[in-house]
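Q: everything below, folded, please.
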Amino acid sequence: MTKITPLSDHVLIEPLREDKKKGGIILPETIEKERQEKGKIIAVGPGKRLNSPTGEGKRVSLEVKKGDIVLFTKYGPNEIKIDGKEYLIAKEEDILAIIE
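A: Got it, this is the predicted structure:
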């Protein structure tokens, strides 16, 4: 597999597909093609650099880490393909919550 290291406050997310059956009802295939809003963090960047006079050059670490399952904004992340597999690259601000 190709190694991807996100820059700044970006994260690499593997979208998690929901089950096609909800309460015994089979959902149409068009639901499967919609962009997912849940995923697993595969890699994180080093953090955002501060540009204030007092914090010049310092990095603010991200609140998410590799392995976290997260909810994110539907259209915030960018879609990419690596070795034939689909991933998303998002800014940390596009992540809404960590699922525990």
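Q: contacting residues for residue 63?
A: 92, 98 (CB atoms under 8 Å, 6 or more residues apart in numbering). Yep, even glycine has a C-beta here, placed from its N, CA and C like the rest.
Q: swap the cut-off to 10 Å and go again
A: Neighbouring residues of residue 63 by CB atoms under 10 Å, 6 or more residues apart in numbering: 9, 44, 47, 92, 95, 98.
Q: pretty sure residue 41 sits against residue 99.
A: No. Residue 41 sits out of contact with residue 99 when judged by CB atoms under 10 Å, with a separation of 11.1 Å.
Q: can you pull out the low-pLDDT segments for this structure?
A: 1, 18-36, 54-56 (pLDDT under 70).
Q: how far away is the residue nearest the centre of it from residue 69?
A: Centroid-nearest residue in the chain, with CA atoms, centre = their mean: residue 13, separated by 3.5 Å. According to CB to CB, to the nearest Å, residue 13 stands 10 Å off from residue 69.
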